[in-house]
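Participant: could you look at this predicted model? Sequence included:
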Amino acid sequence: MTSPAATHGSFTIDRHLDAKPARVFAAFADIEAKNRWFIGPPGWELTERTLDFREGGLETLIGRWPDGKSSKFRARYEEIVPGQRMVYSYHMHIDDWHISISLATFEIAADGDGTRLTFTEHATFINGFEDHNAEGRKSGTMGLLDRLAASLGN
């Protein structure tokens, strides 16, 4: 049986945050801080969360939608440069449907009194899941970054 073709998408988001780089970095490294922003949208219920924030460490975020479907995010930290950069690979599932594999990078730099946060993702959509030009993924990431900004008091 032939598997559906893979599709690809890449995007970059630049964001200014009104918080110092060390505080922004801590929002990724500390599970309690990350729980305040790296979650599903309203109506989504968290069922499992793990965070082993170190190179080679794994992160899991699993939740359930009101319709009963679950979403699963499983990441591996490939590189962490404290206060500057995080690179991770991750897999996304809807229930048992493996929909994508991505390489993502967050870059953190001082920007005046705040931080310039740059996020870049290279996604491969598989098993018949399509997200042309990764617009859906980009939109979801922008929502996460809005929650990050709010958690930092922006």
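Facilitator: Sure thing, it's come through.
Participant: which helices and strands sit right next to the biggest strand by length in the chain?
Facilitator: Ranked by number of residues, the top strand in the chain under DSSP state E is strand 97-111. Helices and strands touching strand 97-111, by 3 or more CB pairs under 8 Å, 6 or more residues apart in numbering; DSSP states H and E, are helix 21-29, strand 85-94, strand 114-125. Where you see a C-beta, it was placed from the backbone N, CA and C, and this is true even at glycine.
Participant: between the ones you listed, which gets nearest to residue 64?
Facilitator: The closest of those to residue 64 is strand 85-94. By CB to CB, the value is 11.2 Å.
Participant: hang on, the earlier thing: other residues contacting the longest strand of the chain?
Facilitator: Strand 97-111 has contacts (CB atoms under 8 Å, 6 or more residues apart in numbering) with 16, 20-21, 24-25, 28, 78, 83-93, 115-127, 129, 131, 137.
Participant: filter these to the buried ones?
Facilitator: The neighbour-count test (16 or more other CB atoms under 10 Å) marks 20-21, 24-25, 28, 83, 86-88, 90, 92-93, 115-117, 119, 121, 123, 125-126, 129, 131, 137 as buried among the contacts of strand 97-111.
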